[in-house]
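> Sequence plus the predicted model coming up.
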Number of protein chains: 4
Amino acid sequence: MRVPNARTTEDVACLKGHAGDVWAVGFSADGRTLASGDGDWHRPGDVRLWNTADWTERAALRHTGEVLALAFDPTRPRLAAGSWDKPVKVWTLPR
Amino acid sequence: MRVPNARTTEDVACLKGHAGDVWAVGFSADGRTLASGDGDWHRPGDVRLWNTADWTERAALRHTGEVLALAFDPTRPRLAAGSWDKPVKVWTLPR
Amino acid sequence: MRVPNARTTEDVACLKGHAGDVWAVGFSADGRTLASGDGDWHRPGDVRLWNTADWTERAALRHTGEVLALAFDPTRPRLAAGSWDKPVKVWTLPR
Amino acid sequence: MRVPNARTTEDVACLKGHAGDVWAVGFSADGRTLASGDGDWHRPGDVRLWNTADWTERAALRHTGEVLALAFDPTRPRLAAGSWDKPVKVWTLPR
């Protein structure tokens, strides 16, 4: 079953900025933004937004707890994140 | 690689209502509903539905265990959730 | 922010069959099948397929370990699942 | 509620190659690639790409930590993965 392909897959970016483990990642519906959320024990987490055209960081969004889950709205440029805390945060994306 | 963008991203809502940690979030296919599921040790969890037009809470749905995963049907307004318990619950969404 | 809607959301189904906790749920692209995967410590898990027309169980698929993640192919009726074990399993769906 | 269907669902593949538990799986938007990510305690994880036409392994991509989450860009053949480490990795897919 395992027949490795000789062609390697290009590692296009190694995005640095998170100060904690990354539990959730997702692309926006238009593919222009990648979101990632981090969480470490007993520390508020961040959601970071990355511009997929040049992989620069577009924003660092502070949550109230460690980020466990995130989701993009499939119809609009906005993002929700749940965390190891009770509030759910929602952000709109810069264009 | 890290070039923070000066434009900050607007925090449009901080949705309060969950009594436990939020392990799962998702938008419905039409973008009109955000669902979030919570779970705390040894307590049944809730799935909460939020109206994305004004971020009011539309419903609080009780599960049998801590909610670990949720998914929207991509074709119809309904939602399934799995939990730290055996039954899978399915709800239809109010319009 | 919290303004509960008086209209409650109908609980259409409480699907029973899993013998373990349900860590992953998902709908197929056509909305005709709901999949759920369970996992308990040191026991192989099942992926169960549910007919969303009448919520009957269509199949119980045995994995090699506790099911942690599942995904439907967006283009074809097939499903993959990863587990607390090394092999990834793929199934085609009955029509 | 439980009415097992007599027709069993075909197990089309049992993909071997991961050296750790598989926490995340996903199909690309075109259905031609399945990705899976593994993670074991204190060991860098791999993301593996599988050709869904014949289930051969197309690539094994090394991450810096145990892979916890992965997501495909819905608009382009590329993939992001977060791990039990801070960097987020992005790869383009071979065609």
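Happy to help now that I have it. Remember, it's a predicted structure, so these values are computed and weren't measured experimentally.

> So what touches the helix or strand bottoming out on mean pLDDT in chain A?
Least confident helix or strand of chain A, by mean pLDDT, DSSP states H and E, is strand A:11-15 with a mean of 89. Contacts with strand A:11-15, where a contact means CB atoms under 8 Å, 6 or more residues apart in numbering or on different chains, come from A:34, A:36, A:48, A:50, A:55, A:57, B:1-2, D:61, D:64, D:78, D:87-92. For the C-beta atoms, the positions are set from N, CA and C on the backbone; glycine is no exception.

> Which residue is the nearest non-sequential neighbour of residue A:88?
Excluding the flanking residues, the one nearest residue A:88 by CB to CB, 6 or more residues apart in numbering or on different chains is residue B:15, at 4.2 Å.

> neighbours around that neighbour, how many?
Using other CB atoms under 10 Å in any protein chain shown, the number of residues around residue B:15 comes to 23.

> again with residue A:54
9.

> ditto for the one 4 residues further on
Counted with other CB under 10 Å, the neighbours of residue A:58 add up to 22.

> ok, it touching residue A:47?
No - applying CB atoms under 8 Å, one finds residue A:58 not in contact with residue A:47, separated by 11.0 Å.

> The most centrally placed residue in chain A: what's it in contact with?
When CA atoms, centre = their mean is applied to chain A, the residue found nearest the centroid is residue A:36 (1.5 Å). Contacts for residue A:36 were tallied using CB under 8 Å, 6+ apart; they are A:15, A:18, A:22, A:24-25, A:47-48, A:50, D:80, D:82, D:88.

> So it versus residue D:36, what's the distance?
Distance of residue A:36 to residue D:36, given as CB to CB, to the nearest Å: 19 Å.

> residue contacts, residue A:20?
Residues near residue A:20 by CB under 8 Å, 6+ apart: A:38-40, A:43, A:45-46, A:66, D:86.

> What are the phi and psi values at it?
Residue A:20 adopts backbone torsions of phi -140, psi -180, taken as degrees, to the nearest 10.

> Find me the pLDDT at it, would you?
Here, the pLDDT recorded for residue A:20 equals 91.

> again, but for the one 5 residues further on
The predicted local confidence for residue A:25 comes out at a pLDDT of 97.

> May I have the beta-bridge partners of it?
Beta-bridge pairing of residue A:25 under DSSP bridges involves residue A:36.

> what's the neighbour count on it?
For residue A:25, the count of nearby residues is 26 (other CB under 10 Å).

> so who does it touch?
Contacts for residue A:25 were tallied using CB under 8 Å, 6+ apart; they are A:34-37, A:70, D:69-71, D:80-82, D:88.

> So it versus residue D:36, what's the distance?
Residue A:25 sits 15 Å away from residue D:36, going by CB to CB.

> likewise residue A:33?
Distance of residue A:33 to residue D:36, given as CB to CB: 24 Å.

> if I read this right, residue A:46 contacts residue A:63, doesn't it?
Yes - using CB under 8 Å, residue A:46 is in contact with residue A:63, at 6.8 Å.

> Mind checking which of the contacts of residue A:25 land in strands?
Mapping the contacts of residue A:25 onto strands (DSSP state E) picks out A:34-37, A:70, D:69-71, D:80-82, D:88.
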